[in-house]
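[1] below is the sequence, then the predicted model.
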Amino acid sequence: MCNITAIIVTFNRLDKLKLTIEKSLSEEFNCIIIINNNSNDGSQEYLNTFDNNNLIVKHLNNNIGGAGGFNIGFEVALKNTQSDWIVCFDDDAYPQSGAIKKFKQLELDNETCAVAAAVFLPDNSISVMNRVRNNPFKSLKTLLRVLTKKESLYISNEFYKGSDNTIIDASTFVGFFIRTELIQKIGLPRKELFICADDLIYTLNLTSLGYKLLFVPSVKFFHDCHTLINNMDVYHPMWKVYYTYRNRIEMYRVSSRWLYLPVTFLQIVPWIMKIKYYENKRLFLKLLTLAIKDALVHDFSKTHPEILSIVDKYE
């Protein structure tokens with residue numbers, strides 16, 4: 001039976017974190033690692049009440065985003081556990097009852113280096129932002145199929161409803177399992193991405209290197225997430241606009257390689273059209289143009305306080 005460590009990154013969502021910890025402690029994890037991104041809502045005091053040898057809590061001095069949190073979490077897991085697998089999720093997500101037992105019962109071949117669970121909202125609808133997908137730029141044949149037959153890059157609803165496992169190219173970090181030996185080969189998640197698409201970039205890089213990522217619909221997670229408003233590509237708070245578009249271009253670079261520049265430029269006009277959904281249009285344009293500029297020159301050096309100061313200046 002394999003050993004599994006859970007990695008949860010939290011920031012100022014104490015109410016949801018309590019449910020996530022309750023659900024996680026009832027699962028067959030060998031260890032649970034919680035990275036607290038300097039929350040100031042009482043999360044630190046709450047986490048300090050636990051006296052459980054299987055629970056590792058690390059309080060950070062700054063908020064380094066989900067990407068930074070998972071970077072630290074992966075590192076802690078490698079140094080402090082003997083896990084065969086780690087699985088990561090956010091502080092507002094949790095496994096369905098019995099999900100980890102189901103995972104341990106899977107008969108996975110040695111080529112399967114990572115597994116993505118099926119992620120649902122609490123109302124049992126598919127979580128759009130966590131939908132697993134394929135890379136349309138994986139091959140010319142795939143790209144032509146997407147362009148000419150309008151084939152979706154997302155895995156269909158039928159796969160979510162069924163029991164067949166299928167190979168995919170990318171997933172988010174909610175319900176994402178990875179062998180620890182693979183982390184040692186490909187490295188940690190990129191902390192400089194801060195938030196948004198850092199997980200897709202990590203998994204796309206994993207599969208582009210030839211490693212097998214399997215979607216397993218029988219292993220389910222729930223995500224009580226409200227990032228996407230009515231499932232639209234619109235983001236609040238507005239500082240997420242910067243990370244969303246900067247990292248999306250980086251995702252294009254990883255997934256489409258030399259095609260990423262034309263792919264990016266084709267997207268700029270549709271992105272600008274999103275302005276109609278934002279009240280503060282000056283701020284949206286400022287963040288979008290800054291994101292595009294930084295992504296194209298591969299500058300990931302801006303700190304989160306710097307982005308927040310720009311938001312404050314334009315509000």
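    Structure received. Numbers count the residues shown, from 1 in each chain.
[2] just the pLDDT for the closest residue to Phe11 other than its chain neighbours.
    Nearest-residue entry for Phe11: Asn37, 3.9 Å, with adjacent residues in sequence omitted and distances by C-beta to C-beta, 6 or more residues apart in numbering. Every C-beta, even on glycine, is put in place using the N, C-alpha and C of the backbone. For Asn37, the model assigns a pLDDT of 97.
[3] and for Val128?
    Val128 is given a pLDDT of 89.
[4] quick check: it vs Ala170, distance?
    For Val128, the distance to Ala170 equals 14 Å [C-beta to C-beta, to the nearest Å].
[5] repeat that for Gly73.
    With C-beta to C-beta as the criterion, Gly73 and Ala170 are 20 Å apart.
[6] try Lys58
    27 Å.
[7] compare neighbour counts for those two and give me the winner.
    Ala170 (26 against 16; other C-beta atoms under 10 Å).
[8] ok, and the closest non-adjacent residue to Lys16?
    Closest to Lys16 by C-beta to C-beta, 6+ apart is Asp92, at 4.1 Å.
[9] can you check Gln96 too?
    Lys220 (4.0 Å).
[10] wait, the one you found touches Ala99, no?
    Yes: using C-beta atoms under 8 Å, Lys220 is in contact with Ala99, at 5.7 Å.
[11] need the overlap of contacts for these two.
    Ala117, Gly175 (C-beta atoms under 8 Å, 6 or more residues apart in numbering).
[12] more neighbours: which of the two?
    Counted by other C-beta under 10 Å, Lys220 and Ala99 do not tie: Ala99 has more neighbours, with 22 against 19.
[13] the more buried one contacts Val219, correct?
    Yes: with contacts counted by C-beta under 8 Å, Ala99 reaches Val219, the gap being 5.2 Å.
[14] what touches both of those two?
    Ala117, Gly175.
[15] where's Lys58, which helix or strand?
    For Lys58, the host element (DSSP states H and E) is strand 55-59.
[16] and the next element down the chain from that strand?
    Taking DSSP H and E, what comes next after strand 55-59 is helix 65-80.
[17] other SSEs contacting that next one?
    Where contact means 3 or more C-beta pairs under 8 Å, 6 or more residues apart in numbering; DSSP states H and E, helix 65-80 is packed against strand 4-10, strand 31-36, strand 55-59, strand 85-90, helix 180-186, helix 198-208.
[18] tilt between the longest one and helix 65-80?
    For helix 198-208 against helix 65-80, the angle between stretch directions is 60 degrees (axes from the mean of the first three to the mean of the last three C-alpha atoms, to 10 degrees).
[19] average pLDDT for the helix or strand just after helix 198-208?
    Counting by DSSP H and E, the next helix or strand C-terminal to helix 198-208 is strand 212-223. Averaged over strand 212-223, pLDDT sits at 98.
[20] show me which residues of the lowest-mean-pLDDT helix or strand in the chain are buried.
    Evaluated with mean pLDDT, DSSP states H and E, the helix-and-strand set of the chain has its lowest mean pLDDT in helix 140-148, which scores a mean of 77. Neighbour-count burial for helix 140-148, counted by 16 or more other C-beta atoms under 10 Å, picks out Thr142, Val146.
[21] that one packs against which elements?
    Using 3+ C-beta pairs under 8 Å, 6+ apart: helix 140-148 touches no other helix or strand.
[22] that one: how far from the chain's middle?
    Relative to its chain's centre, helix 140-148 lies at 26 Å (C-alpha atoms, centre = their mean, to the nearest Å).
[23] which residues are in contact with the residue nearest to Gln96?
    So Lys220 contacts Pro95, Gln96, Ala99, Ala117, Ala118, Val119, Phe120, Gly175 (C-beta under 8 Å, 6+ apart).
[24] beta partners of it?
    Ala118 (DSSP bridges).
[25] may I ask you to name the longest helix in the protein?
    helix 239-256 (DSSP state H).
[26] ok, residues contacting it?
    65, 135-137, 170, 193-198, 200-201, 204-205, 208, 227, 235, 259-260, 263-264, 267, 271, 278, 284, 287-288, 290-292, 294-296, 300, 304, 307-308, 310-311.
[27] hmm, 7 Å instead?
    Outside of helix 239-256, the residues within contact range by C-beta atoms under 7 Å, 6 or more residues apart in numbering are 135, 137, 193-198, 200-201, 204-205, 235, 260, 263-264, 271, 284, 287-288, 290-292, 294-296, 307-308, 311.
[28] those, buried ones only, as a PyMOL selection?
    Under the burial definition 16+ other C-beta under 10 Å, those of the contacts of helix 239-256 that qualify are selected in PyMOL by:
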select buried, resi 135+137+193+194+195+196+197+198+200+201+204+205+235+260+263+264+271+284+287+288+290+291+292+294+295+307+311
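[29] return the subset of the contacts of helix 239-256 lying in helices.
    198, 200-201, 204-205, 260, 263-264, 271, 284, 287-288, 290-292, 294-296, 307-308, 311.
[30] and the strand holding Lys58, what does it pack against?
    On a contact count with 3 or more C-beta pairs under 7 Å, 6 or more residues apart in numbering; DSSP states H and E, strand 55-59 meets strand 31-36, helix 65-80.
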